[in-house]
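In: Model the structure of this input:
(one chain, ligands or ions: 1)
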Amino acid sequence: MYLQERVVENRLIGYPDQGIYKLVLYGQVAKSAKPGQFVHIQVSDTYDPLLRRPLSIAGIDQDREEVTIYYRVAGKGTDLLTRISVNEQVSALGPLGTGFTIPHTGELLLIAGGIGVFPLYSLIQVLSTAKVSVKLLWGGENQEFLESADFNYLKYLGVDYEVSTLDGSLGYQGLVTDLLEKELKTSKTPTGKEIKSARLLRAAACGPRGMLKAVTAICLKNDIPVEVSLEERMACGIGACLGCVCTVRGKDGNLKRKRVCKEGPVFDGEEVAWDAEV
Ligand code: FES
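Out: Below you'll find the model as predicted:
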């Protein structure tokens, strides 16, 4: 559904070099948005660049009718997006795609790589933390990046977390997959219960494809079901152009193609054929 949303906020947050912006939209999208879904936003009135930009929903406030989106300037399209002012209307298609499963009990381990943390913010936001124990593992380049990606908001959400940076400037020095291995090596689950009794432990991850592949392998080795949010270039965003397909293995063992914008972006990690040609 094409909607006109009003821009409530569109500003650089954190260190300018990191180029991370927070965009808040007021309108219809918030009414039905789910964690893990995205919106396809028209970044300018011109045909250059022609395409909309798919942006993950990072926060949903149905009472205020607002969704929060974070984006990192990575080219002409996102640069044009930075020029949209407060109170302007933008054309938004959405909410689109299939989001994360929302557990109502048990334990949820979240694993984020870089800006992959943003869709996980919206998942944390809707969880009933009185009933679901949550821990987030988040890896980024360095402290500047993590702080620019609204680390303070993560603290505000009040869930248990651990971070890693490549240069050791904040948290553990190394990859987030190292953190995950460390967490699962202990005899306890990340939130402190014995693994054997925690049958409802599950995981959700978002980040670069290589990281998601490694996270899936680690989780499955530990008998933990994991959902992953895949990133693909998208043209139409509504399942019509087949420009965003990924390869999955069906229950019959055969490879098939699925559209990241429609059947995804969230998939069962076990289902994704990580090494198949797309
Ligand atoms: Fe067109 Fe997914 S972007 S089918």
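
In: Quick check: end-to-end length of stretch 150-169?
Out: Across stretch 150-169, the terminal residues are separated by 16 Å (CA to CA, to the nearest Å).

In: That one: which residues count as buried?
Out: The neighbour-count check on stretch 150-169 (16 or more other CB atoms under 10 Å) flags 150, 151, 153, 154, 157, 159, 161, 162, 163, 164, 165 as buried. Just so you know, the C-beta spots here come from the backbone N, C-alpha and C atoms, and that holds for glycine as well.

In: got the contact list for it?
Out: 13-14, 20, 22, 70, 117, 121, 124-125, 129, 133-146, 170-176, 178-179, 183, 190-191 (CB atoms under 8 Å, 6 or more residues apart in numbering).

In: quick one: average confidence on it?
Out: The predicted model gives stretch 150-169 an average pLDDT of 94.

In: residues in the stretch 151-278 of the chain within reach of the ligand, list them.
Out: Counting by CB under 6 Å from any ligand atom, the positions of the stretch 151-278 of the chain adjacent to the ligand are 234, 235, 236, 237, 239, 240, 241, 242, 243, 244, 259, 261.

In: and residue 183, that's in a helix?
Out: Yes: applying DSSP: H, G, I helix; E, B strand; the rest coil, one finds residue 183 inside a helix.

In: ok so, going back, possible to save the buried residues of stretch 150-169 as CSV with distance to residue 31 and secondary structure?
Out: As requested, those are exported to CSV (distance: CB to CB, whole Å; DSSP: H, G, I helix; E, B strand; the rest coil):
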residue, distance to residue 31, secondary structure
150, 24, coil
151, 29, helix
153, 22, helix
154, 26, helix
157, 22, helix
159, 26, coil
161, 30, strand
162, 34, strand
163, 33, strand
164, 37, strand
165, 38, strand
